[in-house]
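let's see this in three dimensions:
(chains A, B, C and D)
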Protein chains: 2
Amino acid sequence: MAQGRAGDPDHGVELLWREAEREPRPGLSLRRIVRAAIELADAEGLEGLSMRKVADRLGFTTMSLYRHVPGRDQLVDLMRDEVLGEVLAGAPEEGPGAGGSWRERLAEVARQGWELRGRHPWLAEVRGSRHLPGPNAVAHYDYMLGTLTGTALRPSEVIAVIDLLGRFVDAEALLLAETRREERRSGVSEQDWWGARDSLYERLGRYPTLTRLWETGGWDRPEDSFAFGLRRLLDGVEVLVRERENERDETRDETRPESCPECGTLLDAAPSGRPRVYCSRACRQRAYRRRRADA
Amino acid sequence: MAQGRAGDPDHGVELLWREAEREPRPGLSLRRIVRAAIELADAEGLEGLSMRKVADRLGFTTMSLYRHVPGRDQLVDLMRDEVLGEVLAGAPEEGPGAGGSWRERLAEVARQGWELRGRHPWLAEVRGSRHLPGPNAVAHYDYMLGTLTGTALRPSEVIAVIDLLGRFVDAEALLLAETRREERRSGVSEQDWWGARDSLYERLGRYPTLTRLWETGGWDRPEDSFAFGLRRLLDGVEVLVRERENERDETRDETRPESCPECGTLLDAAPSGRPRVYCSRACRQRAYRRRRADA
DNA sequence: CTTTGCTGTTTATGCCGTAAACAAGGTATT
DNA sequence: AATACCTTGTTTACGGCATAAACAGCAAAG
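As a prediction, this is how the structure comes out:
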């Protein structure tokens, strides 16, 4: 069934989105394969993931896997979707973090993504631009986009911010994962390895800025690169949000606000005929809570 | 000479830093190998780079390369350093961009890095945390760090900003490179490929934020992700710079400024005995030009 | 009872990096 | 001049990888 379909993306969609497994029978199954592959990748990284090893771990031959998965790439897509389910499983009901400012909510999803990649470092190593999202991936993306609901950002900006943040988290996680793996493989810590490169340091005297930063202790206590980067990014987004808020405020008094300032939904006329400000009681209360929190 | 040294980083240092080749003799040479490898990787990506193909391109056997390069990884290090030389070759003398504000200089090095990765997309694909820098890599790093000279940032922050920016450029370039490659490999544009995933879109109705953003045209004209991200990042850095400037200004009036506000150099007493403000005429003029430009 | 389809296995192909032994030529030493 | 050595390139071989293709066992459906 799965065989010979490695080049068919739509089959990949079916695989990712089809209903939960029927009754668990003995023998192989998609879910078992995916789970085994995740364990393997958690331990050895994405590059250490091979069809052979997954099959061995399950006690089957390599080719047996191809009865359930079209190929390695699709297996990775399935693994990705599986672990993305972990974030939502631990999240509260009412959207992303419910309370708090957009900034707090955004910082929270970044932290969640960071922690997920701490548990599954291979997630950041997944390459390629055509990975099909499964139900969990889409739900997670929707959840992240939801953090910016109610800001004055334009739709395309909401998307750009979330994508940017996602790439940032991935890049930082990738760096950490690679460092960790090389440390484990070689048995030498990153510090020790670089510290032993005397033949390199001998040659760095001629570089002025490098030398000055070295002498003023720039490398003595380095910044935490995830925390530092996240702060800069959030600050940068905040500048944009404020800009859009100012634009909104300038036009507010003349043209009546025709969309909910909290979630952006278009406002239909209230039954009473009185002009609405919020689209629902939930939004009105959320705005109230935020106003109180800001003060 | 190169053989059997694949695990010796110090030999890698020697290779990267040793003087320019002697007279070009017929047959193989390190430089020729590196050049051929760069051409290959430019065309086929880092994953398409193999010792076999490099050797074929030069008309030698695979193993002949190992007389000059310890292994594939070290070859990549050499390629990296070679192309990093391109940036500095086109740069003016007096440090990074010489004129302009720190923000303009920082934006400029980001743009240069972006363009370099446009010419050599594989550069962003290089993985691993223990890549030895050669002379060009160090000079380029020094050059980038130099853009923030004269700001109120602390040394560790200067480094963190430059590293963050570097990872950002790399991440964006990687995304683009992967997209391009898949487009070339499959012959289908990214838009067309995703547009044909009807079996996926059928299932996206249940996701509220996604749906709302779709309906309000969020994906109609997406932001340019490099330009957008760079703006956010620079804005974020600017927030930090201003914060540090305020801190400096608060202590300015009581304790005399003992370092040049333009480049950070410690000020020695002027021969006249009159308290100096800038360390040199160059810095005084630069500050003047900037003040005029801001107004 | 036979046909069909699902599941797992066997076998084989063609990539990859590189270790090890070897061959040939130039250079230095005796 | 004869010898040893060093540098360069080749041959051969190994173990790893993904996966195509043919095949074998079994169960349910006709």
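
let me see the contact set for A:Phe60.
A:Leu28 (C-beta atoms under 8 Å, 6 or more residues apart in numbering or on different chains). C-beta here means a position set from N, CA and C on the backbone, and glycine is covered the same way.

how much space separates it from A:Gly71?
Going from A:Phe60 to A:Gly71 by C-beta to C-beta, to the nearest Å gives 16 Å.

measure the closest residue to DNA strand C within the stretch 151-295 of chain A to B:Gly128 for me?
Closest contact between the stretch 151-295 of chain A and DNA strand C, by C-beta to the nearest atom of the strand, is at A:Arg185 (13.5 Å). Using C-beta to C-beta, one gets 11 Å for the distance from A:Arg185 to B:Gly128.

can you check A:Ile33 too?
From A:Ile33 to B:Gly128 the distance is 29 Å (C-beta to C-beta).

among the two, which residue is more densely surrounded?
The residue with more neighbours, out of A:Ile33 and B:Gly128, is A:Ile33; 24 against 12, by other C-beta atoms under 10 Å in any protein chain shown.

check which helix or strand covers the closest residue to A:Thr62 other than its chain neighbours.
Leaving out its chain neighbours, the residue that sits closest to A:Thr62 by C-beta to C-beta, 6 or more residues apart in numbering or on different chains is A:Ala55, at 4.6 Å. Using DSSP states H and E, A:Ala55 sits in helix A:51-58.

which other helices and strands contact that helix?
Judged by 3 or more C-beta pairs under 8 Å, 6 or more residues apart in numbering or on different chains; DSSP states H and E, helix A:51-58 is in contact with helix A:30-44, helix A:72-89.

and of those, who's closest to DNA strand D?
Among those, helix A:72-89 comes nearest to DNA strand D, with 3.8 Å by C-beta to the nearest atom of the strand.

could you give the angle of the closest one to helix A:30-44?
Using axes from the mean of the first three to the mean of the last three C-alpha atoms, to 10 degrees, one finds that helix A:72-89 and helix A:30-44 are set 90 degrees apart in direction.

what's downstream of helix A:72-89, the next helix or strand?
According to DSSP H and E, the helix or strand after helix A:72-89 is helix A:102-119.

what parts of the stretch 1-150 of chain A come near DNA strand C?
The stretch 1-150 of chain A has residues A:Met1, A:Gly27, A:Leu28, A:Phe60, A:Thr61, A:Thr62, A:Met63, A:Ser64, A:Tyr66, A:Arg67, A:His68 near DNA strand C, with proximity defined as C-beta under 7 Å from any atom of the strand.

which of those residues fall within strands?
Using DSSP state E, no member of these falls within strands.

just the buried ones from these?
Buried subset of these (neighbour count, 16 or more other C-beta atoms under 10 Å in any protein chain shown): A:Leu28, A:Phe60, A:Ser64, A:Tyr66, A:His68.

which one of the residues you listed sits closest to DNA strand D?
Using C-beta to the nearest atom of the strand, A:Tyr66 comes nearest to DNA strand D of these, at 6.3 Å.

roughly how far does A:Leu84 sit from A:Arg117?
Going from A:Leu84 to A:Arg117 by C-beta to C-beta gives 11 Å.

now A:Thr151
A:Thr151 is 26 Å from A:Arg117, by C-beta to C-beta.

could you do A:Glu157 as well?
A:Glu157 is 25 Å from A:Arg117, by C-beta to C-beta.

could you tell me the phi and psi values at the closest residue to DNA strand D within the stretch 51-200 of chain A?
Of all residues in the stretch 51-200 of chain A, A:Gly71 sits closest to DNA strand D, at 3.4 Å by C-beta to the nearest atom of the strand. Backbone torsions for A:Gly71, taken as degrees, to the nearest 10, come to phi -180, psi -180.

number of residues surrounding it?
17.

got a list of what A:Ile171 touches?
For the record, residue A:171 is Ala, not Ile. Contacts of A:Ala171 were listed using C-beta under 8 Å, 6+ apart, and they are A:Ala124, B:Arg167, B:Phe168, B:Asp170, B:Ala171.

cutoff 6 Å now
For A:Ala171, the contacting residues are B:Arg167, B:Ala171, by C-beta atoms under 6 Å, 6 or more residues apart in numbering or on different chains.

domains in chain A, by residue range?
With automatic domain parsing as the criterion, the domains of chain A are listed as A:9-173, A:256-295.
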